[in-house]
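# coordinates for the following, if possible.
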Amino acid sequence: MPSQLSLIPDTLREDASARDAPPRFSGYLPPLDSLRGLAILGVLLAHLWRPEMTTFWGRLLTKIAALGWVGVDLFFVLSGMLITGVLLDSRGRWQSLGRFLARRALRIFPLYYFFLFISLVLMPIYVDRLGLGRFFGFDFDGDAALWPWFAFHGFNIWAATTNTLGHALPNSVVWSLAIEEQFYLVWPWLILFIARRFHMRLFLACLLISIAARATIVMTLPDHWIAVSVLTPCRLDCFAVGAIIANYVRSKHFDQTRWRNGLRLGAVCLGAALLWIILLPESRLDRTFQMFGFTLLAIGFGSVVGAMLDQRLALSRFLGRSTLLQSLGRYSYGIYLYHLLVQCIARPPLERFIYSKLKVPLLDRVFWLFFGIIVTWLVAKASYHMFEVHFLRLKARLRDTGAS
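Numbers count the residues shown, from 1 in each chain. A predicted model of the protein is given here:
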C-alpha cells in the first residue's frame, strides 16, 4: 500500500493571487493519512463483516460492507498522485531515481517478506499442528508451493490466469501489492524519459488502455472476472487519475475555476459509481461495470484526493483533524497485510469460547468486526514500531526533494 509521501501546502496569503494559486506541497499533509484510514477501514469492513440478513441493521451493515472493496481503488489513486508528484519534482536529477527506488524498497519489502514468512512458512505449521485445516478450508501448503509468484510480485498474474485468489484467504491480499510493484518498476522510466509536454497525453492514454484491456477480457474471457480486477493494465486508470492530479497542480496552466469544477465533476462520478455498486451488489461481475465502472470510480476518488490537497476546503480541514483516521492511515500498510492473518489465528478460539455463547447473530458479527479492527491495528502498530521503523530510518537517510 502507499507509504507516507504526502505534502503540505505552502502558507497561503489572503489575497487574490493566493486564492487563484494551485496547491503547492512539501512535507506532511494529515488529510491524506485520513484518506488512507478511510480506505483501510473500508477494506476491513468488507473482509471482517459476515453478512447478516435477518435484521434491519444487519442488512444495512451488510450493504455498507459491500462497498468496502473500493478502498483498494482509493489506495491506487493515492499512489498514482503521490508517486507521480515525487517523480515530476525529481525530473532532471537521475540520481533521484535510484533514491526513489531504494526508498520504495525499504518501505515495502521488509514487511512484505516478513508477512510471506509468516503466511507461507509459519501458518502451514500452525494449521497442521492444531488440525485447523478443515475448520478454515484453507490450503496453506498449496500457497507455499506458489512462493515464486508471491516472492517476485507476480501473484496477480497467477490469479488472473487461474481465475482464483489462491488457496488460503490471508494470502489473497497481495494481488494489489503486486500491481503497485509492477507500476513502480515501469512508471519512473515513463515519467523521466517522456517529455513533460506529453505527460497529460500519456496519462489519458493509460486511462483508455485500462478500459480497452478490461473490455478485451470481458469480451473474450467473460468468466475470468478476477483478471479484470487484478491485472495491472486493467487498473492503470486509478494510477492515471492520480497522475493527472499531480501533473495539473504543478502546471503553469493551472486554473482554480477548472480545478474546482473538476472536483465537482469527480464528486458526481463518485456518487454515480457508489450508487451503481449499491443497486447492483454483484457489480464486479457485471460486464458494463467491469468495462467502465472502475474508471468512473477512479475519477470519483480523484476528486476526493484532489480536495485533500487544498486546505481551504472544509472536507480537507475536517479530515486533517481526525486523529483516529490518521492513526489508521499511518499503519494502513501493516493493517492491510495482517488483517486476514489475525482473523485466521483469532477466529477459532473466538468461535469456540465466545460466539457459541452469543445467541444474537448481529451481536457476534459486530463483536468480531470491532475485535478484528482493534486487534489488527494493535498488531500493525507493534509491527511498525518494533520492526518497520528500523528500515524507515534507513529510508529517511535517502530523503530527497519531494521524496516518498
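# check which helix or strand covers the closest residue to Leu146 other than its chain neighbours.
Spatial nearest neighbour of Leu146, excluding adjacent residues (CB to CB, 6 or more residues apart in numbering): Trp158 at 6.5 Å. In this view, the C-beta of every residue, glycine as well, is placed from N, C-alpha and C. Using DSSP states H and E, Trp158 falls within helix 155-162.
# list the helices and strands that helix packs on?
Counting contacts by 3 or more CB pairs under 8 Å, 6 or more residues apart in numbering; DSSP states H and E, helix 155-162 is packed against helix 147-151, helix 174-193, helix 225-230.
# so which of those is nearest Trp368?
helix 174-193 (23.3 Å; CB to CB).
# how far is the helix or strand following that closest one from where the chain is centred?
Sequence order places helix 199-220 as the next helix or strand after helix 174-193, per DSSP H and E. The chain centre lies 20 Å from the centre of helix 199-220; the measure is CA atoms, centre = their mean, to the nearest Å.
# if I look at Val304, how far off is Thr54?
34 Å (CB to CB, to the nearest Å).
# these two: which is more packed in?
Val304 (21 against 9; other CB atoms under 10 Å).
# quick one: list the elements packing against the one helix or strand the more buried one maps to.
Element membership for Val304 (DSSP H and E) is helix 294-308. On a contact count with 3+ CB pairs under 8 Å, 6+ apart, helix 294-308 meets helix 30-48, helix 70-89, helix 199-220, helix 236-249, helix 256-279, helix 314-320.
# what helices and strands are in contact with the last one?
Pointing back at helix 314-320 there. helix 30-48, helix 294-308.
# reformat those as a markdown table; add distance to Leu116.
Output for the helices and strands packed on helix 314-320, formatted as a markdown table (distance: least, CB to CB, whole Å):
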| stretch | distance to Leu116 |
| --- | --- |
| helix 30-48 | 19 |
| helix 294-308 | 28 |
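# re earlier: now the helix holding Trp158 against helix 199-220, angle please.
Between helix 155-162 and helix 199-220, the angle comes out at 30 degrees (axes from the mean of the first three to the mean of the last three CA atoms, to 10 degrees).
# helix 155-162 to helix 174-193, inter-axis angle?
Going by the same axes, to 10 degrees, helix 155-162 makes 120 degrees with helix 174-193.
# starting at the chain centroid, how far to helix 155-162?
The answer for helix 155-162 is 19 Å, by CA atoms, centre = their mean.
# try stretch 263-283
On CA atoms, centre = their mean, the centre of stretch 263-283 falls 18 Å from the chain's centre.
# pLDDT value on the one residue sitting closest to the centre of the chain, please?
Per CA atoms, centre = their mean, the C-alpha nearest to the average position across the chain is that of Phe75, at 2.8 Å. Model confidence at Phe75, given as pLDDT, is 97.
# from Val77, how far off is Phe155?
In terms of CB to CB, Phe155 sits 22 Å off from Val77.
# between these two, tell me which one has more neighbours.
Neighbour count, other CB under 10 Å: between Phe155 and Val77, Val77 has more, with 30 against 26.
# ok, that one to Ile226 distance?
From Val77 over to Ile226 the distance is 21 Å, taken as CB to CB.
# what of Lys395?
Distance from Lys395 to Ile226, by CB to CB: 33 Å.
# so for those two, which sits in the more crowded spot?
Between Lys395 and Ile226, counted using other CB under 10 Å, the more crowded position is Lys395 (22 against 19).
# pretty sure the more buried one sits against Leu106.
Yes. The pair Lys395 and Leu106 passes the contact test of CB atoms under 8 Å, sitting 4.1 Å apart.
# and of the helices and strands packed on helix 314-320, who's closest to Lys381?
helix 30-48 (12.9 Å).
# output the closest one as PDB - backbone C-alpha positions only.
Provided in PDB are the C-alpha atoms of helix 30-48 (Å, rounded to 0.1, in the frame of the first residue of the first chain):
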ATOM      1  CA  PRO A  30      -2.600  15.000   7.500                       C
ATOM      2  CA  PRO A  31      -5.800  14.700   5.400                       C
ATOM      3  CA  LEU A  32      -4.000  12.200   3.100                       C
ATOM      4  CA  ASP A  33      -3.300   9.900   6.100                       C
ATOM      5  CA  SER A  34      -7.000  10.200   7.000                       C
ATOM      6  CA  LEU A  35      -7.900   9.100   3.400                       C
ATOM      7  CA  ARG A  36      -5.700   6.100   3.900                       C
ATOM      8  CA  GLY A  37      -7.500   5.500   7.100                       C
ATOM      9  CA  LEU A  38     -10.900   5.600   5.300                       C
ATOM     10  CA  ALA A  39      -9.600   3.300   2.600                       C
ATOM     11  CA  ILE A  40      -8.300   0.600   5.000                       C
ATOM     12  CA  LEU A  41     -11.400   0.900   7.100                       C
ATOM     13  CA  GLY A  42     -13.400   0.000   4.000                       C
ATOM     14  CA  VAL A  43     -11.200  -3.000   3.300                       C
ATOM     15  CA  LEU A  44     -11.500  -4.200   6.900                       C
ATOM     16  CA  LEU A  45     -15.300  -3.800   6.800                       C
ATOM     17  CA  ALA A  46     -15.500  -5.800   3.600                       C
ATOM     18  CA  HIS A  47     -13.300  -8.600   4.800                       C
ATOM     19  CA  LEU A  48     -14.300  -8.800   8.500                       C
END
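# ok so, going back, now the helix holding Trp158: average pLDDT?
The pLDDT scores in helix 155-162 average 94.
# buried residues, it. List them.
For helix 155-162, a neighbour-count test (16 or more other CB atoms under 10 Å) marks Phe155, Asn156, Ile157, Trp158, Ala159, Ala160 as buried.
# contacting residues around Gly80?
By CB atoms under 8 Å, 6 or more residues apart in numbering, Gly80 lies in contact with Phe183, Cys238, Phe239, Ala240, Val241, Gly242, Ala243, Ala246.
# next, the contact list for Asp237, please.
Per CB under 8 Å, 6+ apart, neighbours of Asp237: Cys206, Leu207, Ser210, Ile211, Phe294, Thr295, Ala298.
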